[in-house]
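**Q** Provided below for reference: sequence and predicted model.
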Amino acid sequence: MKRILVLGGTGFVGRSLCEALAREDRACVVRVPTRRRAHGAHVQTLPTVELVQADVHDATALLRLVSGCDAVVNLVAALHGNAASFEHVHVTLPRKITTACRAAGVRRLVHVSALGADIGAPSMYLRSKAQGELALAAAPELLTTVLRPSVIFGADDRFLNLFAQLQAAAPVMPLAGSDARFQPVWVEDVASALLRCLQDPATAGKTYECTGPDVLTLSDLVRLAGRFSGHERLQIPLPGWAGWLQAVAMEVLPGQPLMSRDNLRSMQVPNVASGHGDNLASLGIQAASLNAVAPLYLGGQAGRGRLNRWRGMTGRS
């Protein structure tokens, strides 16, 4: 019996991966840590999931989690924060994971980074993602595969759904970074890629860019989110200085910001495939188009029903 540790398994991508693992092999135990068991409600009902209450940033707890596993998947990430918080999540945690894997004798590791990760990138987010990859590269004895996805969309995303909700509530959409380019990838395709990497030892040592077939601007994505949900609004593209002020204002509001200055810096780098190296096609995955999937889940409950039927017909269920 295989046992796979999925760090971040209660999150957006993690839930899809846990479902994919449960469909693929009922004999495979998927260990999913969570600080609060309530956060694992989505995966706890899956027959193969072993939900464990633990803090993955605690080195002792992490070693216990890794022990007895055949592979580790790291999906833990932060989109907002300061330099210290990005360092904590994207750099220190991968270092702790490699230490725990060495101590427990676990060699297989699959890690999700980000498209555009680079030490010289303009944002703390992208720089820290690159530093995390370097932390893994410092442990060459591990059989590590890195995935670099573009922005990920899906039925429970906080991306297209957020823009749909904002347009349902606001008469116009003031938009910073409207010309920023993305190549959105469906969450189910990312989960499939993770599954293929776990199944195929030949993927070790490789980095895969995970993107969809369409290159779209932020303005395009906002327009489509509004159109598919029935609430398309007039956009007002903001000049750089106005977008910066908007981000500053959002950062001081309570809760997770809708946009931060670091997000704007990230959007200075086109979030699209380089065209070089390995990608989803290398894993035998034909990426789904946002235009094919998003209308199904942004169209309300009836649309989600159509999405489930579409997944079944295309073998994605």
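**A** Received it, and whenever you're ready, just let me know what you need. Numbers count the residues shown, from 1 in each chain.

**Q** What segments of this structure are strands?
**A** Across the chain, reading from the start of the chain, the strands by DSSP state E fall at 3-7, 29-34, 49-53, 71-74, 108-112, 143-149, 152-153, 172-175, 181-182, 185-186, 207-210, 216-217, 234-237, 278-279.

**Q** Can you get me a residue count around the residue nearest to N263 when sequence neighbours are not counted?
**A** The spatial neighbour of N263 that comes closest, neighbours along the chain excluded (CB to CB, 6 or more residues apart in numbering), is A247 at 7.0 Å. For glycine as for every other residue, the C-beta is placed from the backbone atoms N, C-alpha and C. As a burial measure, A247 scores 21 neighbours (other CB atoms under 10 Å).

**Q** Begin at 21, not 1, for the rest of this chat.
**A** Sure, I'll start numbering at 21, so the last one becomes A267.

**Q** Report pLDDT for A267.
**A** Among the per-residue scores, A267 holds a pLDDT of 92.

**Q** M333 now?
**A** The predicted structure scores M333 at 48 on the pLDDT scale.

**Q** any chance you could map the helices in the chain?
**A** Read by DSSP state H, the chain holds these helices, from start to end of the chain: 32-44, 61-64, 79-86, 103-106, 113-124, 144-157, 180-189, 207-219, 238-249, 260-272, 281-286, 310-318, 320-333.

**Q** Distance to G136 for the ones you listed - can I get that in CSV?
**A** Putting these into CSV (distance: least, CB to CB, whole Å) gives the following:
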stretch, distance to G136
helix 32-44, 17
helix 61-64, 29
helix 79-86, 28
helix 103-106, 14
helix 113-124, 18
helix 144-157, 5
helix 180-189, 20
helix 207-219, 16
helix 238-249, 14
helix 260-272, 18
helix 281-286, 7
helix 310-318, 19
helix 320-333, 29
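
**Q** Among those, which comes closest to N94?
**A** Ranking the helices of the chain by proximity to N94 (CB to CB) places helix 113-124 first, at 5.9 Å.

**Q** Between helix 79-86 and the closest one, find me the angle.
**A** Here helix 113-124 points in a direction 60 degrees away from that of helix 79-86 (axes from the mean of the first three to the mean of the last three CA atoms, to 10 degrees).

**Q** Could you list the low-pLDDT ranges of the stretch 21-170 of the chain?
**A** Counting by pLDDT under 70, the stretch 21-170 of the chain has low-confidence residues at 21.

**Q** pLDDT score for the nearest residue to S36 once chain neighbours are set aside?
**A** Nearest-residue entry for S36: A211, 3.9 Å, with adjacent residues in sequence omitted and distances by CB to CB, 6+ apart. Here the pLDDT value assigned to A211 is 97.

**Q** and A211, how many neighbours?
**A** By the measure other CB under 10 Å, the count of residues near A211 is 22.

**Q** wait, doesn't it sit right on F32?
**A** No: A211 is not in contact with F32 according to CB atoms under 8 Å; the separation is 10.2 Å.

**Q** Not counting its neighbours along the chain, what's nearest I117?
**A** Leaving aside its chain neighbours, I117 sits nearest to N94 (5.9 Å; criterion: CB to CB, 6+ apart).

**Q** do you know how far that neighbour is from P290?
**A** When distances are taken as CB to CB, to the nearest Å, N94 and P290 turn out to be 25 Å apart.

**Q** can you check M144 too?
**A** 18 Å.

**Q** next one: V63
**A** Using CB to CB, one obtains 34 Å as the distance from V63 to P290.

**Q** R253 now?
**A** When R253 is compared with P290 (using CB to CB), they lie 25 Å apart.

**Q** what about the closest residue to F248 other than its chain neighbours, neighbour count?
**A** Taking CB to CB, 6+ apart, and ignoring the residues beside it in sequence, F248 has L318 as its nearest neighbour in space, at 4.0 Å. Applying other CB under 10 Å, we find 25 other residues in the vicinity of L318.

**Q** confidence score at E252?
**A** In this prediction, E252 has a pLDDT value of 95.

**Q** what number of residues lie near it?
**A** 16.

**Q** quick one on the thing from earlier: how many residues are close by the residue nearest to I117?
**A** Neighbour count for N94, taken as other CB under 10 Å: 22.

**Q** which residues does the residue nearest to V72 when sequence neighbours are not counted contact?
**A** Counting by CB to CB, 6+ apart, V72 lies nearest to P53, which is 4.9 Å off, once chain neighbours are set aside. Taking CB atoms under 8 Å, 6 or more residues apart in numbering as the contact definition, P53 lies against 25, 27, 29, 72-76, 81, 85.
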